[in-house]
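Undergrad: predicted model, plus sequence, below.
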Amino acid sequence: MPPISIKDYAKQKGVTYEAIRKQISRYKNELEGHIVVDHRRQLLDETAVAILDKHREGNPVIVYQQDKDEELQNLRDENNNLLKQTVALLNENKALIEKTGQIKLLEADNEAKAQKLADAEKSAQSANLKLSEATKAFEDKEQQLQAEIEQLRQQLESEKQRPLTLRERFFGRKNKNNTKK
């Protein structure tokens, strides 16, 4: 039988590499000359295997073997749960991205409407200013006309109060402006 590596021997016996390494260090005096080093690997010859087997029978090693299938299934279940959570988070992220896009569109629309409102307010202020100026001009003109009317009334009253001349008595009162030439 060719020499066997510590790793392969541990695998055959169903124990860890570390357990075999400790056993070798425990019985290193008996194993001296039966462990060959080849390219930094320790190899056990047939005698070393027999010595280790003999001591293993005298010292039964309790092998704790974890149920690998159960652990693998647990990992698969956990992986599936994480995958479901990832899908849910991706869907939520997609929905948030869509809502963010909608919010940006609404904000842009709001800004455009705010600009239109500002423009409309400026136009309204300009129109109000023009209206105010026109109203002021109208009121000034109205006051001027009222003053003229009052002046003409006073002239009319004073004309009515004035005594008639002989000619006016005979021919009647005529307006000075309406006389024929």
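TA: Now that the structure is in, tell me what you want to look at.

Undergrad: so what does the helix or strand where Lys54 lies touch, helix or strand wise?
TA: Take DSSP states H and E as the rule and Lys54 turns out to sit in helix 46-58. Where contact means 3 or more C-beta pairs under 8 Å, 6 or more residues apart in numbering; DSSP states H and E, helix 46-58 is packed against helix 6-13, helix 17-26, helix 28-31. No exception for glycine: its C-beta is placed from N, CA and C like everyone else's.

Undergrad: can you tell which of the ones you listed is closest to Glu111?
TA: With C-beta to C-beta as the criterion, Glu111 lies closest to helix 17-26 of the helices and strands packed on helix 46-58, at 69.7 Å.

Undergrad: in that closest one, which residues are buried?
TA: Neighbour counts over helix 17-26 (16 or more other C-beta atoms under 10 Å) mark 20, 23-24 as buried.

Undergrad: helix or strand right after the host helix or strand of Arg76?
TA: Assigned by DSSP H and E, Arg76 belongs to helix 68-161. Later in the chain than helix 68-161, the nearest helix or strand by DSSP H and E is helix 166-171.

Undergrad: just to revisit the earlier point, which among the helices and strands packed on helix 46-58 is found nearest to Ala147?
TA: Closest among those, using C-beta to C-beta: helix 17-26, at 121.3 Å.

Undergrad: do you know which of the helices and strands packed on helix 46-58 lies nearest Ser123?
TA: Among the helices and strands packed on helix 46-58, if distance is taken as C-beta to C-beta, the winner is helix 17-26, at 88.4 Å.

Undergrad: contacts for the closest one?
TA: The contact list for helix 17-26 (C-beta atoms under 8 Å, 6 or more residues apart in numbering) reads 6-7, 9-10, 13, 31, 35, 42, 52, 55-56, 61.
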